[in-house]
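A structural model of the following input is requested.
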Amino acid sequence: MLRRATEALLLVGTASLVYWPTIHRGPIIVPLRAELPFALALALAAIEISLLPRRERWGALLAEAEGRWTWIALGGLLGACLFATGLSWFRYHLGFNRLGLETMLQLIFNLLIFALIYRVLRMNVSLFEKLALALFLPTLVPLGIGLLVIIDPRIHEFMTSILRLPPLVAFGQRFQGLTSNPVMGTFSSLTGIAFFFILALCGLGAGVSTAIGLASVVGGMGLLVLWAQTRSAFIALICLMAMAVTAGIRLLGRGIGQQALLVIAAAIVMVFGWRLVPAGLVPEISEARPQHLLTARLDEGLGTGGRLAIYRYYLRLLPSNVLGVGFNYERKFFVDLPHQNHPTAHSSILALWMFGGIGAVLAAGAVLLFTGMRAVRDLRAMAGRGGGIVGAAEACYLAAVIALLTYWIETTWIGSPFSTAMNSVLLAMVLAGVPPSASAAGLSTRALSVPIAWFGYVILLGLTLRAVRG
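Coordinates of the predicted model:
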């Protein structure tokens, strides 16, 4: 009973990752968001584990070599960060503030989520497909809401004033969906693109019309990335498509011509939709159209007062802080910029170094390495078997691998990759591997492709109606 309740809460928490509104900043890390069901799942899992015989408590976590080495690396990561935090108390007289405490608790919380999801997937392989769909399919929700706002901008006022939903845009022109900032919105969009593009490649066997519909969904997700105007997401999107195309050739046997058709169809939808994005969704803010601001966003940071200034500042600190500074490093080290209040390192490598020094950076790299070793083993098995992907579970696994690498690429220009539960879910899915029964049971890719392809044609219809209306 406890195990089933834990699994249900994990599914609810994973599906809720697209909903991430702003909360009051403080040391409490369990607001009414996806963190709440995850926290309840952790509590139930702790009770369940305490009731098990001692020999059965940790077997699922330690059964495979990659898993054992991953837990050692995570222990090294956390230990390096705690050591640096304690060392800074003596060296710089830095005590904990609320932000530092919240950062530490958030890291520990996300590591526990990672371990719990991995344990559950190892004990119940049938949950993998459900968890994957709970992660990928809800990314359609922000896309649907964004499409409605493009069709009729008055819908945004109705959603924010009547339904009390958070604003879908930040600063009047950058799409953030149901999250608290545009960057977090791109995490969901890029994760959805990884899945729906793989599904589109699989959907080529179901007919060109199905593949085009799925490509339209990919184009819609790409539109949200453009609308968010996040530089790191643009770089991650290019890398994502390169990885997906490579996987299509090596694992699915799709030719360059077939994939070019999908990419062109997605690009047409993305560019066509981008021209229709409305301006002035927030009445209190008067700004130019988002299309005119995109170039300025891309150029921003190249001057002395932007992102490069932040990187140069923290790079100069690395030699004198080999062991790191700790979770509350921003109390002493920050860049004084006129348009940002105490900006953090804005890089996964720099942020981890400031947290725990070279030990934290190497430990994080080891986590990705051991997880990648498991992924390579499963992907080689798929390629060696021939015949392409069998079932939705294998398609979900391949998409999870691409989405995980994309997420880490994007956080290279943002901050610590361990700061969100999205990373925990993806890491656990990839490290757990493809379920042994994936080819014998579960959904087929065709069963998933057809209804989602219809949604793609709804996107085309909606954008066409908006263009006709002017």
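
Please report the separation between the first and final residues of stretch 323-334.
This stretch, stretch 323-334, spans 18 Å end to end (CA to CA, to the nearest Å).

Enumerate the positions of it that are buried.
By neighbour count on 16 or more other CB atoms under 10 Å, the buried set for stretch 323-334 is 323-331, 333-334. For every residue, glycine as well, the C-beta is placed using N, CA and C.

In those, find the pair that's most separated.
Greatest spacing in the buried residues of stretch 323-334, by CB to CB: L323 and F334 (19.4 Å).

and the protein, what are its domains?
Here the domain assignment for the chain is 1-21+28-52, 66-125+301-439, 141-287+447-469, based on automatic domain parsing.

Which one of these lies nearest to L131?
Of all the domains of the chain, domain 1-21+28-52 sits nearest to L131, with 5.9 Å by CB to CB.

what is the mean pLDDT for the closest one?
For domain 1-21+28-52, the per-residue pLDDT values average out at 83.

Start and end of that domain, how far apart?
End-to-end distance of domain 1-21+28-52 (CA to CA): 13 Å.

before we move on, what about stretch 158-175?
By CA to CA, one end of stretch 158-175 lies 17 Å from the other end.

ok, now stretch 250-257?
Taking CA to CA, stretch 250-257 runs 15 Å from one end to the other.

buried ones in that stretch?
251-252, 254.

Of the domains of the chain, which shows the lowest average pLDDT?
Among these, domain 1-21+28-52 has the lowest mean pLDDT, at a mean of 83.

circling back: mind putting the domains of the chain into a markdown table with distance to G59?
Below are these laid out as a markdown table (distance: least, CB to CB, whole Å):
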| stretch | distance to G59 |
| --- | --- |
| domain 1-21+28-52 | 10 |
| domain 66-125+301-439 | 9 |
| domain 141-287+447-469 | 31 |
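
Ok, which of those domains comes nearest A134?
Nearest to A134 among the domains of the chain is domain 1-21+28-52; the distance by CB to CB comes to 4.3 Å.

starting at the chain centroid, how far to that closest one?
Put simply, domain 1-21+28-52 sits 18 Å off its chain's centre (CA atoms, centre = their mean, to the nearest Å).

go on, stretch 200-220?
Per CA atoms, centre = their mean, the centroid offset for stretch 200-220 relative to its chain is 23 Å.

One more: stretch 162-180?
The answer for stretch 162-180 is 18 Å, by CA atoms, centre = their mean.

Quick one: end-to-end distance for it.
19 Å.

Buried residues of it, list them for me.
Residues 166-170, 172-180 are the ones in stretch 162-180 that count as buried (16+ other CB under 10 Å).

out of the residues you listed, who's nearest G222?
Comparing the buried residues of stretch 162-180 against G222 with CB to CB picks out F175 as the nearest, at 12.0 Å.

List the contacts of that closest one.
Contacts here follow CB atoms under 8 Å, 6 or more residues apart in numbering; on that basis F175 touches 146, 168-169, 182, 185, 224, 227-228.

Max pairwise distance over these: which two?
By the measure CB to CB, G146 and P182 form the most distant pair in the contacts of F175, at 12.1 Å.

Next up, the contacts around T14.
T14 makes contacts with 34, 131, 134-135, 425, as judged by CB under 8 Å, 6+ apart.

Ranking by neighbours, what's the top pick from those residues?
Using other CB atoms under 10 Å as the neighbour test, the contacts of T14 are led by V425, with 28 neighbours.

Checking that one next. Helix, strand or coil?
helix (DSSP: H, G, I helix; E, B strand; the rest coil).

now it: how far from A236?
Distance, V425 to A236, using CB to CB, to the nearest Å: 17 Å.

cool, H93 as well?
Distance of H93 to A236, computed by CB to CB: 39 Å.

Between these two, point out the one with more neighbours.
Higher neighbour count among H93 and A236: A236, with 26 against 8, using other CB under 10 Å.

in terms of contact, does A467 touch L276 like I think?
Yes: with contact defined as CB atoms under 8 Å, A467 reaches L276; the gap is 6.2 Å.

quick one, which of those two is more surrounded?
A direct count of neighbours by other CB under 10 Å for A467 and L276 places L276 higher, at 17 against 12.

Pop out the phi and psi values for the more buried one.
Main-chain torsions, L276, degrees, to the nearest 10: phi -100, psi 0.

cool, G326 as well?
Dihedral pair for G326: phi 120, psi 180, per degrees, to the nearest 10.

excluding its backbone neighbours, what's nearest L178?
Leaving aside its sequence neighbours, L178 sits nearest to Y19 (CB to CB, 6 or more residues apart in numbering; 4.6 Å).

just to revisit the earlier point, now, which of the buried residues of stretch 162-180 lie within strands?
Of these, the ones assigned to strands by DSSP state E are 169-170, 174-175.

can I get those in a markdown table with distance to V458?
Output for these, formatted as a markdown table (distance: CB to CB, whole Å):
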| residue | distance to V458 |
| --- | --- |
| V169 | 22 |
| A170 | 26 |
| R174 | 25 |
| F175 | 19 |
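
Out of these, which is nearest to R98?
Out of those, the member with the shortest distance to R98 (by CB to CB) is A170, at 23.1 Å.

which ones are touching A403?
Counting by CB under 8 Å, 6+ apart, A403 touches 190-191, 194-195, 240, 426.

Then it would be within a helix, right?
Yes: counting by three-state DSSP, A403 falls inside a helix.

quick one, helices of the stretch 301-450 of the chain?
In the stretch 301-450 of the chain, the helices defined using DSSP state H, counting those that start in this stretch lie at 307-317, 348-385, 391-411, 421-432, 445-469.

gap between the last one and the chain center?
The gap between the average C-alpha position of helix 445-469 and the chain average comes to 24 Å, counting by CA atoms, centre = their mean.

Could you pull out the buried residues of the helix or strand that A8 is a member of?
Assigned by DSSP states H and E, A8 falls within helix 2-15. Neighbour-count burial for helix 2-15 flags 6-7, 9-15 (criterion: 16+ other CB under 10 Å).

Specify which member of the residues you listed is nearest to S348.
Using CB to CB, T14 comes nearest to S348 of these, at 22.3 Å.

What separation do you get for the closest one and V125?
Relative to V125, T14 is positioned 17 Å away (CB to CB).

Now the strand or helix carrying T210 - C-alpha only, PDB.
If you go by DSSP H and E, T210 is part of helix 208-228. Output of helix 208-228 as PDB, limited to C-alpha atoms (Å, rounded to 0.1, in the frame of the first residue of the first chain):
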ATOM      1  CA  VAL A 208       3.800  11.000 -43.700                       C
ATOM      2  CA  SER A 209       0.700  12.700 -42.400                       C
ATOM      3  CA  THR A 210       1.300  11.500 -38.900                       C
ATOM      4  CA  ALA A 211       5.000  12.500 -39.000                       C
ATOM      5  CA  ILE A 212       4.100  16.000 -40.200                       C
ATOM      6  CA  GLY A 213       1.600  16.400 -37.400                       C
ATOM      7  CA  LEU A 214       4.300  15.400 -34.900                       C
ATOM      8  CA  ALA A 215       6.800  17.700 -36.500                       C
ATOM      9  CA  SER A 216       4.200  20.500 -36.000                       C
ATOM     10  CA  VAL A 217       4.200  19.800 -32.300                       C
ATOM     11  CA  VAL A 218       8.000  20.000 -32.400                       C
ATOM     12  CA  GLY A 219       7.700  23.300 -34.200                       C
ATOM     13  CA  GLY A 220       5.300  24.600 -31.600                       C
ATOM     14  CA  MET A 221       7.700  23.700 -28.800                       C
ATOM     15  CA  GLY A 222      10.500  25.400 -30.700                       C
ATOM     16  CA  LEU A 223       8.200  28.500 -30.900                       C
ATOM     17  CA  LEU A 224       8.000  28.500 -27.100                       C
ATOM     18  CA  VAL A 225      11.900  28.400 -27.000                       C
ATOM     19  CA  LEU A 226      12.000  31.400 -29.300                       C
ATOM     20  CA  TRP A 227       9.400  33.200 -27.300                       C
ATOM     21  CA  ALA A 228      11.300  32.700 -24.100                       C
END
